[in-house]
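Chemist: Sequence first, then the predicted structure, then my questions.
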Amino acid sequence: MADFVTVARTSDLAPGERMVVELGRDFVLLFNIDGQYYAIEDMCSHEEYELSGGVLDGYALECPKHGAHFDIRTGEHLTPPAVRPVRVYDVRVQDDTIQIMRRKSS
Ligand code: FES
């Protein structure tokens with residue numbers, strides 16, 4: 001059964017910053033927005049391109065390759081050319097660590 005896995009320390013990721021972590025074979029893009037953490041797969045659902053270099057506007061992350069946008073809170077695709085969401089992870093803080101778990105529905 002899947003469980004939360006420690007991937008970083010809170011001191012590694014200041015508000016406004018992002019980082020890529022590994023969870024098994026997945027690369028996961030982790031954000032700190034005003035002290036809230038969000039995590040999505042670091043892979044666009046359109047053509048398998050890393051999202052980590054994309055511009056973030058609010059909660060909308062733009063894919064650097066063709067410009068599709070994704071909501072980092074839900075993984076939902078917001079604009080074409082993406083037609084599918086990206087995987088999203090649940091995030092929790094335990095003491096000074098950041099832990100993530102692959103969300104069941106994604
Ligand atoms: S690869 Fe991301 S929009 Fe095309």
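Modeler: Everything's here; your move. Numbering: from 1, shown residues only.
Chemist: Can you name the residues bridging to the spatially most central residue of the chain?
Modeler: Central residue of the chain (CA atoms, centre = their mean): residue 40, 2.3 Å from the mean position. On the basis of DSSP bridges, residue 40 is bridged to residue 29, residue 88.
Chemist: And the pLDDT at it?
Modeler: Note on residue 40: pLDDT of 98.
Chemist: Now for it: which residues touch it?
Modeler: Residue 40 makes contact with 28, 29, 51, 61, 70, 72, 75, 86, 87, 88, 89, according to CB atoms under 8 Å, 6 or more residues apart in numbering. C-betas here are computed from N, CA, C, even on glycine.
Chemist: does the fifth one really touch residue 87, like I thought?
Modeler: No. Counting by CB atoms under 8 Å, residue 70 stays clear of residue 87, with 10.5 Å between them.
Chemist: for this protein, which spans come out with low pLDDT?
Modeler: Residue ranges of the chain with pLDDT under 70: 1, 105-106.
Chemist: which parts of it sit against the ligand?
Modeler: Contacts of the chain with the ligand, taken as CB under 6 Å from any ligand atom, map to 44, 46, 47, 49, 63, 65, 66, 67, 68, 81, 82.
Chemist: Now which of those residues would you call buried?
Modeler: Buried residues within those, counting neighbours by 16 or more other CB atoms under 10 Å: 44, 46, 49, 63, 65, 68, 82.
Chemist: Which residue comes closest to the last one once chain neighbours are left out?
Modeler: Counting by CB to CB, 6 or more residues apart in numbering, residue 82 lies nearest to residue 68, which is 3.6 Å off, once chain neighbours are set aside.
Chemist: same thing with the first one?
Modeler: By the measure of CB to CB, 6+ apart, the closest residue to residue 44 outside its immediate chain neighbours is residue 63, 4.5 Å from it.
Chemist: burial measure for residue 51, as a count.
Modeler: 25 (other CB atoms under 10 Å).
Chemist: just the one 3 residues further on next, same as before
Modeler: Using other CB under 10 Å, residue 54 has 23 neighbouring residues.
Chemist: list the contacts for the closest residue to residue 47 other than its chain neighbours?
Modeler: With sequence-adjacent residues excluded and distances taken as CB to CB, 6+ apart, residue 47 is closest to residue 65, at 6.5 Å. Residues counted as contacts of residue 65 (CB under 8 Å, 6+ apart) are 44, 46, 47, 49.
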